[in-house]
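> Any chance you can model this:
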Amino acid sequence: MVGEHDRLRSRLLAQVRGLPAERLPALERWLRTLECGDLSPLSLCDRSSLAQADTAEGTGKESGDKSPHSKSWPHAPLHRLGEHGAYIVTAGTLHKEHHFRGSQRLEILEAALLRLMKQSGWRVEAWAVFSNHYHCVVQAEAAADDLRAVLTALHSDTAREVNRDDQAAGRQVWHNFWDTRLTFEKSYFARLCYVHENAVKHNLVRVANQYPWCSAAWFERTAAPAQVRTIYGFKTDKVRVQDEYGPV
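Numbers count the residues shown, from 1 in each chain. Model prediction:
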């Protein structure tokens, strides 16, 4: 049985390698639905669905969940320092309050982070969001907006949303953020690893890809196996990141 599974995996990989490049985004979207439990073969085999997905990709639109909290998935990570600047960002709530506790609010924060960074010309390469803080590693595109302005907008938008839910208009939600430019490749790789695996550090999961509101599962899905091994091979015990937020 194991040998048969290996042969099936090899056949599937060969089919993926043979797909035209324009079909790959549609395949990736279907794989995401499969991970969420959708086992319907029509998700992949219905040609009209694939055609619609390809059209959406070509026009810059995203298929799938159109709710305000749907994820704006980043492109595959670069795994190299670009010329326009890479940063690790950490932000925490005022008094370390758990304003984003619960799956719905974590989704609000994660979706807003991914969406605003993408809209502002910042490539998110690692992220982890929690009830009272978040971390991310981002790289600037050529015409990226000012990072601090993007973070200010992110905090304003997410604070407004949770305050509306709590009927606490005007309440200060976020306290501060720290952005550190990464200029050395080893430092960059170590911080990618640190952020991908941050949920393990906080004892929320035993394996990073089991935490829904971080980049680990996306990273393992989009990066080459050799890249995954390289990033996860970096030690993070000496990485200095503002991360004293208590139990999350």
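> switch to C-alpha atoms for all contacts and neighbour counts from now on
Fine.
> What distance do you get for the most centrally placed residue in the chain to residue 110?
Of all residues in the chain, the one closest to the mean position by C-alpha atoms, centre = their mean is residue 215, 4.0 Å from it. Distance of residue 215 to residue 110, computed by C-alpha to C-alpha, to the nearest Å: 10 Å.
> now residue 209
15 Å.
> shaky segments in this structure?
1-3, 14, 18-19, 22, 29-71, 238, 242-243, 245-248 (pLDDT under 70).
> Walk me through the domains of it.
With automatic domain parsing as the criterion, the domains of the chain are listed as 2-58, 86-232.
> Could you identify which of the ones you listed is most buried?
Ranked by mean neighbour count, the domains of the chain are led by domain 86-232 with a mean of 18 (mean count of other C-alpha atoms under 10 Å).
> Could you tell me the end-to-end distance of it?
Start-to-end, domain 86-232 (C-alpha to C-alpha) is 19 Å.
> Please apply the same query to stretch 213-231.
19 Å.
> which residues sit against it?
With C-alpha atoms under 8 Å, 6 or more residues apart in numbering as the contact definition, stretch 213-231 has outside contacts at 76-77, 79, 106-107, 110, 125-130, 189-190, 192-193, 196-197, 199, 208-210.
> Quick check: strands, which of these are part of them?
125-129 (DSSP state E).
> now these in TSV, with distance to residue 72?
Shown next, in TSV, are the ones in strands among the contacts of stretch 213-231 (distance: C-alpha to C-alpha, whole Å):
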residue	distance to residue 72
125	13
126	14
127	13
128	15
129	15
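> quick one: which of those is nearest residue 101?
residue 129 (10.3 Å; C-alpha to C-alpha).
> so what's that closest one up against?
106, 109-110, 135, 213-214.
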